[in-house]
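Peer 1: I'd like to go over a predicted model; first the sequence, then the structure.
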Amino acid sequence: MSNDLLITVENVTLRFGGVVSLRDVSLEMRRGEILAVIGPNGAGKTSLFNSVTGVYQPQEGKITFSSQKAPPLSVIGKKTHRIARAGVTRTFQASRLFSALTVFENAKIGAEDHSGIGVVGALVKGPRTRRGEKESDRVASEVLKFVGLFPEAHTIASQLSYGARRRLEIARALATDPEVILLDEPAAGTNPSEKLELTTLIRRVRDERGVSVLLIEHDMRLVMALAERLYVLNFGSVIAEGTPEEIRANQDVVDAYLGTTHDETSA
């Protein structure tokens, strides 16, 4: 892990009418790290992800993405597709797969979307799509092999197990050639065996593909096994930041979030 800053969130406040979802939030993510954001439901975790990816536009503060391929990008005010093409991609709590399409087609859409063709072009297969067909096929095959789903390439996505669908979502995100991937509760709904597979896969995303990982997750065993640093949100504010060991020992975090699960995270 380097000391280069990849994502910098500075004093961000996000309001919806009279409701403050994020309050003066600051966060630094280094290139090459696995960073987790934890906290109780309603703490502002997904609002933070939505702000970093351009879905929400905070009223105050600054968010900067520092790519290795281009000058630093000021995120606030930019369209989501502009941020994605700069190298920031994500998955969601609820599956966003195209359930009626095959595993291969879902992965290929990620590659086509990164090239600027988009979903319609990928499906209609116009002249521009045909020019990039060979490359997008190659990328789709590569990411499916990486996540272990290439044997199911021609399976309809809706027929996959829940854990396999989560791996497919990661494959589609990787097909966009990101520098950082934001994973929003990737282990939600998975069984213990699938959680173990996901833990291994997420670590490989960073170690083998060089993609930094920003993670929201409620499963503390998974978080503590993966994250090198954590930020803790509560009521829209950062209440702690540190290593897993420091977070386990922080009484404010235990009181606000870990509670009786504190012993479990130490197991």
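Peer 2: Okay, I see it. Just so it is clear, the structure is predicted and the values come from calculations on it, not from any experiment.

Peer 1: rest of the way, CA atoms for contacts and neighbours
Peer 2: Noted.

Peer 1: tell me where the stretch 1-150 of the chain has helices.
Peer 2: In the stretch 1-150 of the chain, the segments counted as helices under DSSP state H, counting those that start in this stretch are 45-52, 80-86, 103-114, 118-124, 127-131, 133-147.

Peer 1: select, out of those, the one closest to Phe92.
Peer 2: Among these, helix 45-52 comes nearest to Phe92, with 9.1 Å by CA to CA.

Peer 1: buried residues in that closest one?
Peer 2: 45-52 (16 or more other CA atoms under 10 Å).

Peer 1: could you chop this protein up by domain?
Peer 2: By the assignment in automatic domain parsing, the chain contains the domains 1-80+179-185+212-267, 88-177.

Peer 1: comparing those domains, which yields the minimum mean pLDDT?
Peer 2: Of all these, domain 88-177 carries the lowest average pLDDT, namely a mean of 86.

Peer 1: quick one: end-to-end distance for it.
Peer 2: 9 Å (CA to CA, to the nearest Å).

Peer 1: start the count at 52 instead of 1 going forward.
Peer 2: All set: I'll call the first residue 52, so the last point we hit is now domain 139-228.

Peer 1: columns distance to Ile267 on top of the helices of the stretch 52-201 of the chain, output as TSV?
Peer 2: TSV is the format used below for the helices of the stretch 52-201 of the chain (distance: least, CA to CA, whole Å):
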stretch	distance to Ile267
helix 96-103	7
helix 131-137	18
helix 154-165	22
helix 169-175	27
helix 178-182	35
helix 184-198	20
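
Peer 1: among those, which is nearest Leu86?
Peer 2: Closest to Leu86 of these is helix 96-103 (CA to CA; 12.6 Å).

Peer 1: now that closest one - C-alpha only, PDB.
Peer 2: Taking C-alpha atoms only, helix 96-103 is exported to PDB below (Å, rounded to 0.1, in the frame of the first residue of the first chain):
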ATOM      1  CA  LYS A  96     -22.500   5.000   4.600                       C
ATOM      2  CA  THR A  97     -24.400   4.600   1.300                       C
ATOM      3  CA  SER A  98     -24.900   8.400   1.200                       C
ATOM      4  CA  LEU A  99     -21.100   8.700   1.300                       C
ATOM      5  CA  PHE A 100     -20.800   6.100  -1.600                       C
ATOM      6  CA  ASN A 101     -23.500   8.000  -3.600                       C
ATOM      7  CA  SER A 102     -21.600  11.200  -3.100                       C
ATOM      8  CA  VAL A 103     -18.300   9.800  -4.200                       C
END
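
Peer 1: output the contacting helices and strands for that helix.
Peer 2: Helices and strands touching helix 96-103, by 3 or more CA pairs under 8 Å, 6 or more residues apart in numbering; DSSP states H and E, are strand 70-81, strand 231-235.

Peer 1: out of those strands, which comes closest to Arg147?
Peer 2: Closest among the helices and strands packed on helix 96-103, using CA to CA: strand 231-235, at 11.9 Å.

Peer 1: mind listing what the closest one pairs with, with the direction of each?
Peer 2: Strand 231-235 pairs in its sheet with strand 139-141 (parallel), strand 263-267 (parallel), by DSSP bridges.
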